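>>> no sequence for this one, just the structure:
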């Protein structure tokens, strides 16, 4: 395993009872890369992300993050995790939420910057339960990146976010990646996939294909990423 | 009103319950458990209190009264030496003892008898059967000493409490602790459940936070609330309600704080077994009500049927209630072995609950 990989997942399997959520998945994410995990609902994207941030243990195979074998508490400080639902404390204000997650990561100096990044600095005193879904999503993102993690895990970050803001989100992801942050983002929205540097297609717990958006198009034999994906997914179900 | 639409709502409701086996079980099992327990407690309890008799009378009449007392169905009697009486009240083997003084026969002849009635006094109403039994045997006496009316003026003393000591004094001591325990438990179980359902617990677990830090942080947070609540409850109980207190206010406060910490950790532990706030609230009839019935708050543990006494003796609340009464009613301090046991057992349960709460944090996420 080379040090240039921020995340390397080697032949990992994980079942929940009889359900095989991940079945022999191998993938590697380079430092400073934006890696997109694509796949339908229930494909295993969230399970993979939870393995990477140490919430789950692999039943077989290994997960290495930032040079450490997971799960490993010391690495957690360097990971930012944005869950699928906006996991926030509804009775606290935006700033109080962000400050809390900053405090448990020992990085309270990043609060203002994080709030500005998600454009919630003016709304920082608003109580979360009064916010719209998109604002909660932004607050949730601020909580995930307030400690300037080296690895940012985003589980469907743009669900419920309007198109303008989505563009801004991706602009900030690109900036962070440019400054060295590795980002893994899961999605089932294809136009987002095009913004990633590399993609992994997951279905039924298996990695069907991996490559740049252009490579995926070539593999699927279509100029449209969605069609390419469906073509590749179709071969996956046969096996 | 459309019958069809109403039926849709009714059907939807019953469909939901069909999958929620736990709620169904609660709906049909809890009433039987609670009523059964209550029935067993009330019918099965031994009602006749233990009363000691010390007949010091040099004449013949004391023996008549003593015989009358022994045959009474209101009380169970044992003959004792008057000097050992107070010790036996303290260790709880007697609720009262009656001393018939050496000149009792002469008193009876002169028409005024004054037997001594020594009461333990911590339970209101416990003197009633004793006084009743004594009065009945006095009637027997009056018949023997024919032709005279005998005035009956018992000299009553109380080991604890006193003539002004009432039901509120007895229950209040226990309820001060119970209120804090119960409310802190409900608040913790619901807010810890929220932590999980809103997804923030998942975030906490993906952060460098350690499980112990989460538990201790929660404990401190709720302890702050519980301490403020305890002060409020105590001030109200002592200053406004004027509940009888013989002991140190600090000790009562310490006992309350211990109960609050136990409640926090019990809440964290039990929140693992609930998927919704609805299910969390179900722990109240299942985990709290039977404990309250069995902890001696309402029915003294010593009068419970033997099988239930065994159960009562393994419940933390029993010791907490006993400890509160030891301090407030009996004025116990840290040198009292009974209070030491109570504090020790409650502290032991606190440690057990902390361990259980911490352990469940891992499993709930796997």
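Looks like it came in fine. Please read all numbers here as calculations on a predicted model, not as lab measurements.

>>> who's in contact with the spatially most central residue of chain B?
The centre of chain B sits closest to residue B:297, judged by CA atoms, centre = their mean, with a distance of 2.2 Å. By CB atoms under 8 Å, 6 or more residues apart in numbering or on different chains, the contact set of residue B:297 is B:171, B:174-175, B:178, B:317, B:321. C-beta coordinates here come from the backbone N, C-alpha and C atoms, glycine included.

>>> and the two most separated of these?
Within the contacts of residue B:297, two members stand farthest from each other by CB to CB: B:171 and B:317, at 14.2 Å.

>>> Compare neighbour counts for these two and give me the winner.
Neighbour count, other CB atoms under 10 Å in any protein chain shown: between residue B:171 and residue B:317, residue B:317 has more, with 25 against 16.

>>> just for chain B, where's the confidence low?
Within chain B, the ranges that satisfy pLDDT under 70 run B:45-47, B:146-148, B:362-366.

>>> Within range of chain A, give me the residues from it.
B:198-200, B:202-210, B:365-366 (CB under 8 Å from any CB of the partner chain).

>>> ok, longest helix in chain A?
helix A:163-178 (DSSP state H).

>>> Okay, buried residues for that one please.
Within helix A:163-178, the residues that qualify as buried by neighbour count (16 or more other CB atoms under 10 Å in any protein chain shown) are A:165-166, A:168-170, A:173, A:176-177.

>>> Can you classify the nearest residue to residue B:330 once chain neighbours are set aside by secondary structure?
Using CB to CB, 6 or more residues apart in numbering or on different chains and skipping residues adjacent in sequence, the residue nearest residue B:330 is residue B:160, 5.1 Å away. Assigned by DSSP: H, G, I helix; E, B strand; the rest coil, the conformation of residue B:160 is coil.

>>> and the residue in chain A that chain B sits nearest to, backbone torsions?
In chain A, no residue comes nearer to chain B than residue A:87, which is 3.1 Å away by CB to the nearest CB. Torsion angles at residue A:87 (phi, psi; degrees, to the nearest 10) stand at phi -80, psi 100.

>>> Pretty sure residue B:199 is one of the things it touches, is it not?
Yes. If you go by CB atoms under 8 Å, residue A:87 and residue B:199 touch, sitting 3.1 Å apart.

>>> which one of the two has more residues nearby?
residue A:87 (24 against 16).

>>> Could you pull up the residues touching that one?
A:140, B:198-200, B:202-203.

>>> With residue A:226 instead?
Residue A:226 touches residue A:190, counting by CB under 8 Å, 6+ apart.

>>> Quickly note the distance from it to residue A:189.
To residue A:189, residue A:226 is 10 Å away according to CB to CB, to the nearest Å.

>>> With residue A:216 instead?
Counting by CB to CB - residue A:216 and residue A:189 are separated by 15 Å.

>>> now do residue B:211
Going from residue B:211 to residue A:189 by CB to CB gives 36 Å.

>>> what do you get for residue B:270?
Counting by CB to CB, the gap from residue B:270 to residue A:189 is 40 Å.

>>> Those two: which has the busier surroundings?
residue B:270 (23 against 14).

>>> Does the residue most central in space within chain A belong to a helix, a strand or coil?
Computing the C-alpha centroid of chain A and ranking residues by CA atoms, centre = their mean puts residue A:154 first, at 2.5 Å. Three-state call for residue A:154 (three-state DSSP): strand.

>>> Tell me which residues touch it, please.
A:82, A:141, A:144, A:173, A:183-186.

>>> was I right about residue A:200 contacting residue A:33?
No. Using CB under 8 Å, residue A:200 is not in contact with residue A:33, being 11.5 Å away.

>>> more neighbours, those two?
residue A:200 (26 against 19).

>>> what's near enough to touch the more buried one?
So residue A:200 contacts A:27, A:35-38, A:207, A:209-210 (CB under 8 Å, 6+ apart).

>>> I'd like those laid out as TSV, including secondary structure, pLDDT and neighbour count.
TSV is the format used below for the contacts of residue A:200 (DSSP: H, G, I helix; E, B strand; the rest coil; pLDDT from 0 to 100; neighbours: other CB atoms under 10 Å in any protein chain shown):
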residue	secondary structure	pLDDT	neighbour count
A:27	strand	91	19
A:35	strand	94	22
A:36	strand	92	25
A:37	strand	91	28
A:38	strand	88	27
A:207	strand	90	22
A:209	strand	88	21
A:210	strand	90	17
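
>>> ok so residue B:338 is a strand residue?
No. Residue B:338 is assigned helix when assessed by three-state DSSP, not a strand.

>>> What's the separation between it and chain A?
43 Å (CB to the nearest CB, to the nearest Å).

>>> For burial, what's the neighbour tally of the closest residue to that residue other than its chain neighbours?
Among residues not flanking residue B:338 along the chain, residue B:326 sits closest, at 5.4 Å (CB to CB, 6+ apart). Using other CB under 10 Å, residue B:326 has 27 other residues around it.

>>> which secondary structure elements does the strand or helix carrying residue B:326 contact?
When elements are assigned from DSSP states H and E, residue B:326 belongs to helix B:316-328. Packed against helix B:316-328 by the contact rule (3 or more CB pairs under 8 Å, 6 or more residues apart in numbering or on different chains; DSSP states H and E) you find helix B:167-197, helix B:249-271, helix B:289-294, helix B:337-363.

>>> how about a cut-off of 7 Å?
helix B:167-197, helix B:249-271, helix B:337-363 (3 or more CB pairs under 7 Å, 6 or more residues apart in numbering or on different chains; DSSP states H and E).

>>> Give the next helix or strand downstream of the second one.
Reading on from helix B:249-271 to the C-terminus, the next helix or strand found by DSSP H and E is helix B:277-281.

>>> buried ones in that following helix?
B:279-280.

>>> any idea which helix or strand comes after that helix?
helix B:283.

>>> For that next one, give me every contacting residue.
The contact list for helix B:283 (CB atoms under 7 Å, 6 or more residues apart in numbering or on different chains) reads B:189, B:270.

>>> And it, how far out from the chain middle?
20 Å (CA atoms, centre = their mean, to the nearest Å).

>>> what does stretch A:24-43 give?
Using CA atoms, centre = their mean, the offset of stretch A:24-43 from its chain centre is 9 Å.

>>> can you pull the buried residues of it?
Residues of stretch A:24-43 classed as buried: A:25, A:27-29, A:31-39, A:43 (neighbour count, 16+ other CB under 10 Å).

>>> got the contact list for residue 104?
You didn't say which chain, so I picked chain A. By CB under 7 Å, 6+ apart, the contact list for residue A:104 reads B:207-209.

>>> I was after chain B.
Residue B:104 neighbours (CB under 7 Å, 6+ apart): B:57, B:59, B:61-62, B:113, B:115.

>>> In helices, which of those residues fall?
B:61-62.

>>> got the contacts of residue B:104 as a markdown table, with neighbour count columns?
Below are the contacts of residue B:104 laid out as a markdown table (neighbours: other CB atoms under 10 Å in any protein chain shown):
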| residue | neighbour count |
| --- | --- |
| B:57 | 23 |
| B:59 | 16 |
| B:61 | 21 |
| B:62 | 26 |
| B:113 | 27 |
| B:115 | 25 |
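
>>> Nearest to chain A among the contacts of residue B:104?
Using CB to the nearest CB, the contacts of residue B:104 come closest to chain A at residue B:115, 65.2 Å.

>>> The closest one and residue B:152 touch, don't they?
No. With contacts counted by CB atoms under 7 Å, residue B:115 stays clear of residue B:152, the gap being 8.2 Å.

>>> what about residue B:211, how many neighbours?
Neighbours around residue B:211, by other CB under 10 Å: 16.

>>> residue ranges of the strands in the stretch 1-150 of chain B, please?
B:50-55, B:76-79, B:96-100, B:112-113, B:116-119 (DSSP state E, counting those that start in this stretch).
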